[in-house]
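>>> Structure of the sequence below:
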Amino acid sequence: ESSVAVYLDEPTDLPAPFTQYDPEDKLAWMVALTDLEPLDTVPSAPYPALVMLGHDDNNGHIFVDLERIGALNVTGATGELRQGVLTAIAIELAANTWSEDVQVTLVGVGDRLPLALGSGRVRHVEDTETLLRNLHGQAAAVEAALAELGVDGLEQARTTGADAEAWAPEIII
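Alright, predicted model coming up:
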């Protein structure tokens, strides 16, 4: 590959060296690999819940930011296929470099997966009651920390480097 193409879900201006495919369309951008320079420091990942869902007709990767979309409905011909997709997402989040601070919680399924992966990023709870109790406490702590820092949302907190570890998303499967 000599370039990377990015297709966004809403019009956005991307910084150089990205260029627009079409000056009228801020949804499609590209960058030549030769235009990329090595980073002196590695910033905190602004999209730690980014996972690959498959490929398009040109064999390009299709990614989705699970945190941004809020919910993903997986449908398929059989429960086994759906379970396979969800397991693959959990494994990817447990292995991605940019997902190192993500917490994946499996609810009522995959009780052996956390031990099998051994990454510390995946845990299992038996029921939604336990899950909701845990999440309620986490949400209150994050909201208080954002307010104290005076930042406008998680993406800004991550990209400004403000206590990056505190903004780890929780992905529920």
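
>>> how far is stretch 105-117 from where the chain is centred?
Here the centre of mass of C-alpha atoms in stretch 105-117, compared against the chain's by C-alpha atoms, centre = their mean, to the nearest Å, lies 19 Å away.

>>> distance of Val151 from Val102?
20 Å (C-beta to C-beta, to the nearest Å). C-betas here are computed from N, CA, C, even on glycine.

>>> For the two, indicate the residue with more neighbours.
Each of Val151 and Val102 has its neighbours counted (other C-beta atoms under 10 Å); Val102 has more, 23 against 18.

>>> And the contacts of the longest strand along the chain?
The longest strand of the chain (DSSP state E) is strand 25-32. Strand 25-32 is contacted from outside by 2-14, 17-22, using C-beta atoms under 8 Å, 6 or more residues apart in numbering.

>>> so what's Leu36 up against?
Pro17.

>>> how many other residues sit next to Val85?
Using other C-beta under 10 Å, Val85 is surrounded by 16 other residues.

>>> wait, doesn't it sit right on Asn73?
No. In this structure, Val85 is not within contact of Asn73 by C-beta atoms under 8 Å, at 11.0 Å.

>>> How far does the next helix or strand after the longest strand of the chain sit from its chain's centre?
Heading C-terminal from strand 25-32, the first helix or strand you meet, by DSSP states H and E, is strand 50-55. How far strand 50-55 lies from its chain's middle: 10 Å, per C-alpha atoms, centre = their mean.

>>> Kind regards, and thank you for your time.
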